[in-house]
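Q: Dropping a prediction and its sequence here:
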Amino acid sequence: MSWTDERIERLKAMWAEGKTASAIADDLGGVSRNAVIGKAHRLGLDSRPSPVKAGEDKSASATAAAAAPASTAAPASERSAPSRVREKPAIAAILESAAPMPDDDLPVAPAATPAPAPAAAPAAKTGETVMVYRSIGPGGFVRQGPGDQQPPIPPAPPRRLVPAKPAPEIADKTGLLDLNDRICKWPMGHPGEPDFHFCGQQANPGYPYCVQHCGVAYQAQLPRRDRRPPPPLPYGGPRVR
DNA sequence: CCCTGATTCGC
DNA sequence: GCGAATCAGG
C-alpha cells in the first residue's frame, strides 16, 4: 500500500487529532504503526509526547556526543547521534544525591540510615562474584558474598556524630565529603574498604568524571552491523519469541 | 507481558 | 522514501 495524497491527508488529520500511531495504522489499513510513525516523521509532523523522551535531561545527553572525550571521539564521518552514548556506571547519580550535612553544631544521625545501593564497581564484569556491602551503622560496612547468610542488622540508634580524623592512609585522598561538581567522582577501590576514595581530578565540565574517566564511562555505540552477536547462552539460549 | 513514540539503517 | 527492527519508558 503506498502513500497516496489522500492517505497522507488522513494521516495528518488523525495525527493532529492525537490518535495513536496504532489507531491510525488500523484506520488506514495496509500499514504498520511503524510505517505511520516513520511517515509522520518524514512529513515533519509534530512529535508526540514520547514515553521514552519524557523527562530526558537535554543538556546532559545533547552535549554528551559533542563533548565526548578525545579518547573515544567518533570520526567526523560518524552521524550526529546524541543517543548513541550510554553511561555505564550509575554510581555518579547515586553520589550526586549525597548532600552535605547541615551546618549545625553537631549533626545527629538519622535513626535509620538507609544502606547505600550496592553499586557495582565500574570495573566489575559480568560473571564476577557479586559482593554486597551491607551497612552496619554510620560509616561501617561489611562485605558479603552471595553465599553469606547474615540476619538483618538493626539500624544503629541515633547518636551524636563526632567528627573523626581521617585515617592516615586516606588523609589526602578524595572522600565523599570532598566531592562537588568540579571533582571527578570515579570510585577508586570499593566502598567499605579502608582506602576507598574518589579519583578527585578536575572533572570534565558538565560531567561527573575527569576526562580520563569520561573515556571509560561514555563509549560510542557501534553501528548495528558492526556489533558482535551475543555469545551463545547455556541450555540452548533463551526462548525465541 | 502489554502499550507508546523515536530512532536507526538496510533496502 | 519506506518501514521493520530496535530502543526505552510507562
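A: Done, it's in.
Q: mean confidence score for stretch A:34-41?
A: In this model, stretch A:34-41 has an average pLDDT of 94.
Q: top helix in chain A by residue count?
A: helix A:5-17 (DSSP state H).
Q: which parts of it are buried?
A: A:7, A:11, A:14-15 (16 or more other C-beta atoms under 10 Å). Placement of C-beta: from N, CA and C, glycine included.
Q: need the next SSE after that helix, C-terminal direction.
A: helix A:21-28 (DSSP states H and E).
Q: orientation of that next one relative to helix A:5-17 in degrees?
A: Counting by axes from the mean of the first three to the mean of the last three C-alpha atoms, to 10 degrees, helix A:21-28 lies at 150 degrees to helix A:5-17.
Q: Wondering if helix A:21-28 reaches DNA strand C at all.
A: No. Judged by C-beta under 7 Å from any atom of the strand, helix A:21-28 stays clear of DNA strand C, getting no closer than 8.7 Å.
Q: contacting residues around that helix?
A: A:1, A:7, A:10-11, A:14-15, A:19, A:31-37, A:40 (C-beta atoms under 8 Å, 6 or more residues apart in numbering).
Q: packing partners for the longest helix of chain A?
A: Contact partners of helix A:5-17 among helices and strands, from 3 or more C-beta pairs under 8 Å, 6 or more residues apart in numbering; DSSP states H and E: helix A:21-28, helix A:33-43.
Q: What mean pLDDT does stretch A:203-222 get?
A: pLDDT averaged over stretch A:203-222 gives 76.
Q: can you check stretch A:4-14 too?
A: Mean predicted lDDT for stretch A:4-14 stands at 94.
Q: ok, that stretch near DNA strand B or not?
A: No. Stretch A:4-14 stays clear of DNA strand B (C-beta under 7 Å from any atom of the strand), getting no nearer than 10.1 Å.
Q: which residues touch that stretch?
A: A:1, A:3, A:23-24, A:27-28, A:36, A:39-40, A:43, A:45.
Q: can that stretch be found next to DNA strand C?
A: No. Stretch A:4-14 stays clear of DNA strand C (C-beta under 7 Å from any atom of the strand), getting no nearer than 8.1 Å.
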